[in-house]
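> predicted model and sequence follow; I will ask about them next.
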2 protein chains.
Amino acid sequence: MPTNPDLLRAALEPVVLEVIATGATYGYEIARAIQQHSEGQLCAQEGTLYPALHRLEKQGLLKAQWKTSPEGRRRKHYALTSAGRRRLEALRAEWASFSKTIGRILGTAHYLVPRLRLGTHCP
Amino acid sequence: MPTNPDLLRAALEPVVLEVIATGATYGYEIARAIQQHSEGQLCAQEGTLYPALHRLEKQGLLKAQWKTSPEGRRRKHYALTSAGRRRLEALRAEWASFSKTIGRILGTAHYLVPRLRLGTHCP
DNA sequence: CTTGACTACCTAGCCACACCAGGTATCATA
DNA sequence: TATGATACCTGGTGTGGCTAGGTAGTCAAG
């Protein structure tokens, strides 16, 4: 439930856009979705995730809307804008190219490893 | 001849250790080796690479030695320590695990893309 | 009714680090 | 004697993850 911050930094933006594209809508849910999609390998702390969502919104990649759930919880729901969808597509391509290159350099392109603990711990 | 800084940040340490393990020894040569190994996709600016080498040396992963080439050039030659070799191995495993996870999330695990320009420009 | 656990959001301050821009110095070539 | 390539270094700036703290509502247990 960790990730070395430098790795997270490289992947946070595409991963957030991706989980929103996949159906997660508000912060708390997005955080859980990231953990689930990554099988616990990735964990964006709240102090990381919320500012990231605000950045993406400010860049026009997400649009936000406050709603109140039937149980009475205030939630800020995010959705991709069309710019956000284009950006996600570009980030997918960028990631594919980059990870292929690094994988080739490190000789780990198809290197299977046991699940490992990466960095800090998720509370 | 670019890379988005956040991606470079995630890969710089393993890539530097790798190119040194592969035979590059001094800063200027390491910089060129990174560009060549990455087919121009990765470029560590001098203001990035030299501090990184100093960090790795300070951490005991590299040992350095000044030499003067036959043509009279002062060069600082780096070599992996045994801790450096162990670290490289760990970083390879970490990268393999991480890139597999992100690739799966983004659905780009084996996604082939045309060579693309990533971020800033290499001088 | 109070306590605790969970949900749900936010932010100020710290720190690491890539980058820019500038510096120094040597050597080869024109 | 410029000019360009080689070869090293660093101070300041900006980005952004993390820590640690805050607010506030729901719900079950005691």
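Yep, it's here.
> flag the shaky bits of chain A, pLDDT-wise.
Residues of chain A that meet the criterion pLDDT under 70 lie in A:1-2, A:108-123.
> could you pull out the helices for it?
Assigned helices in chain A, in chain order: A:5-21, A:27-37, A:46-58, A:82-106 (criterion: DSSP state H).
> and the angle for the shortest one with helix A:46-58?
With axes from the mean of the first three to the mean of the last three CA atoms, to 10 degrees defining the directions, helix A:27-37 sits at 110 degrees from helix A:46-58.
> A:Gln65 bridge partners, please.
Per DSSP bridges, the residues bridged to A:Gln65 are A:His77.
> run a quick neighbour tally on the residue in chain A that DNA strand C sits nearest to.
The nearest approach of chain A to DNA strand C comes at A:Gly27, 2.8 Å away (CB to the nearest atom of the strand). All C-beta atoms are positioned from the backbone trio N, CA, C, and that covers glycine. By other CB atoms under 10 Å in any protein chain shown, 19 other residues sit near A:Gly27.
> equivalent analysis for the one 5 residues further on, please.
The local packing of A:Arg32 (other CB under 10 Å) involves 13 other residues.
> leaving out sequence neighbours, find the closest residue to it.
A:Ala24 (7.8 Å; CB to CB, 6 or more residues apart in numbering or on different chains).
> got a list of what the one you found touches?
A:30, A:32-33 (CB atoms under 8 Å, 6 or more residues apart in numbering or on different chains).
> what is the nearest of those to B:Arg9?
A:Ile30 (22.8 Å; CB to CB).
> was I right about that closest one contacting A:Leu49?
Yes. A:Ile30 lies in contact with A:Leu49 (CB atoms under 8 Å); the separation is 6.7 Å.
> so which of these two has more stuff around it?
A:Ile30 (21 against 18).
> need the contact list for the more buried one.
A:16, A:19-20, A:24, A:49, A:53, A:78.
> restrict those residues to contacts with DNA strand C.
Among those, proximity to DNA strand C is found for A:Leu53 (CB under 7 Å from any atom of the strand).
> quick check, nearest of the contacts of A:Ile30 to A:Arg85?
Of those, the one sitting nearest to A:Arg85 (CB to CB) turns out to be A:Ile20, at 10.1 Å.
> tell me which residues touch the closest one, please.
Neighbours of A:Ile20 in contact, by CB under 8 Å, 6+ apart: A:30, A:62, A:78-80, A:84.
> who touches both of A:Ile30 and A:Leu49?
A:Val16.
> still on that earlier bit, distance check, the residue of chain A closest to DNA strand C against A:Pro14.
Counting by CB to CB, to the nearest Å, the gap from A:Gly27 to A:Pro14 is 17 Å.
> equivalent analysis for A:Arg74, please.
28 Å.
> and these two? which has more neighbours close in?
Using other CB under 10 Å, the more surrounded residue of A:Arg74 and A:Pro14 is A:Pro14, with 21 against 9.
> please name the nearest non-neighbouring residue to that one.
A:Leu91 (3.9 Å).
> kindly report the residues of chain A close to DNA strand D.
Counting by CB under 7 Å from any atom of the strand, the residues of chain A near DNA strand D are A:3, A:5, A:8-9, A:12-13, A:44-48, A:51-52, A:55, A:71-73, A:119-120.
> of the residues you listed, grab the buried ones for PyMOL.
Restricted to buried positions by 16 or more other CB atoms under 10 Å in any protein chain shown, the PyMOL selection for those reads:
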select buried, chain A and resi 3+8+9+12+13+44+52
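> contact partners for the residue lying closest to A:Leu88 once chain neighbours are set aside?
Spatial nearest neighbour of A:Leu88, excluding adjacent residues (CB to CB, 6+ apart): A:Leu17 at 4.2 Å. Contact partners of A:Leu17, counting by CB under 8 Å, 6+ apart, are A:56, A:61-62, A:80, A:84, A:87-88, A:91.
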